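Chemist: Here you go, sequence then predicted model.
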Amino acid sequence: QVQLVESGGGLVQPGGSLRLSCAASGSIFSINDMRWYRQAPGKQRELVATITNGGSTNYADSVKGRFTISRDNAKNTVYLQMNSLKPEDTAVYYCNADLWVVVATTQVYRGYWGQGTQVTVSS
């Protein structure tokens, strides 16, 4: 069974830093794009950052210059380094990935979500 497992959330003061990790496991053949989303209470889920298999990145305007997405393809893991955190960054952060997974004797292309990790920025 394929799953994405996030870690690294927590409580941090404004101006602080956190590093989120998301590890994919299971019958994975390959991974294409990997993304971080977030959802604050009462708001829609929003795309925070994307990284392609080749390492190209894209960020939401609200986090540019503060957040950095990276990946370790050997570990099937994506990271989100969050610096200069603000109270408005408070949200549940979700990992998302497009995977080729092995099903029986074939490969199937599917999107997967992690369970989410809470990030709270407060003094």
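Modeler: Structure received. Residues are numbered from 1 along each chain as shown.
Chemist: make it CA atoms for all contacts and neighbour counts henceforth
Modeler: OK.
Chemist: List the neighbouring strands of the least confident helix or strand in the chain by mean pLDDT plus their orientation.
Modeler: None of the helices or strands of the chain scores lower by mean pLDDT, DSSP states H and E than strand 106-113, at a mean of 91. Strand 106-113 has the following strand partners under DSSP bridges: strand 91-103 (antiparallel).
Chemist: and stretch 68-80, how far out from the chain's middle?
Modeler: Chain-centre distance of stretch 68-80: 9 Å, with C-alpha atoms, centre = their mean, to the nearest Å.
Chemist: Beta-bridge partners for residue 34, please?
Modeler: residue 51, residue 97.
Chemist: was I right about it contacting residue 96?
Modeler: Yes - assessed by C-alpha atoms under 8 Å, residue 34 is found in contact with residue 96 at 5.8 Å.
Chemist: More neighbours: those two, which one.
Modeler: Neighbours were counted for residue 34 and for residue 96 using other C-alpha atoms under 10 Å; residue 34 has more, 27 against 23.
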